[in-house]
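Colleague: Show me the folded form of this:
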Amino acid sequence: MAFAFKERLGAILNYESLSFTDAVFCGYSIHYNNDNQAMDFKIDTTDTYVHIGVPAAALDEIMAAALEERVGQLTYYGSNNFLIDLSACQSADENGFEALATWHEQLYSEGRSLVFTGLQPGVLAVAKEAQLDGALNIAPTEIEAVDIISMEILERDLFGEES
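Modeller: A predicted model of the protein is given here:
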């Protein structure tokens, strides 16, 4: 999976500048040298969802790709519902939100849940400018995000029984 991630980021970064480390369910780090930044996702699992804390200061295409890769690994191990806490993100760009919207649609088509919470006012403003705030599940609080996931699980269970 590391190779697939490097390949996807190849258009953005030079392969030589990307080093990759991973420990399943114990955190995740992606280090790249463009600005000497690193992304370490905080992963907490519950019975019904996986909580992913994103400590990155900026929501951009690189962070969205790293987050998508991590969730892809977690889905491989059986996780289907994700709560993404973006409260540490102080800035964002449209490319990051476009990547999240595409990924959001893909997960829902596979019968999974994805809810974002903790968006700072400036970050939410970028989503609204890009007209993507309606394309994503955005909850103002973590409790509301958990409620959305719970309702979606219930919906899938009910529709599954009716089929």
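
Colleague: What distance do you get for the residue nearest to Leu119 when sequence neighbours are not counted to Glu155?
Modeller: For Leu119, ignoring the flanking residues on the chain, the nearest one in space by CB to CB, 6 or more residues apart in numbering is Leu86 at 5.4 Å. Every residue, glycine included, has its C-beta placed from N, CA and C. Distance of Leu86 to Glu155, computed by CB to CB, to the nearest Å: 24 Å.

Colleague: Among those two, which residue is more densely surrounded?
Modeller: Leu86 (24 against 11; other CB atoms under 10 Å).

Colleague: quick revisit: please name the residues that touch the residue nearest to Leu119.
Modeller: 54, 59, 116-120, 123 (CB atoms under 8 Å, 6 or more residues apart in numbering).

Colleague: Local confidence estimate at it?
Modeller: If you check Leu86, the pLDDT there is 96.

Colleague: Where does the prediction get shaky in the chain?
Modeller: 1-39, 161-163 (pLDDT under 70).

Colleague: do that again at 90, thanks
Modeller: 1-40, 56, 159-163 (pLDDT under 90).

Colleague: which residue ranges form the helices in it?
Modeller: Ranges of helices in the chain, per DSSP state H, are 2-9, 61-76, 94-109, 121-129, 142-162.

Colleague: Pull out the buried positions in the fourth one.
Modeller: By neighbour count, and taking 16 or more other CB atoms under 10 Å as the criterion, the buried residues in helix 121-129 are 123-124, 126-127.
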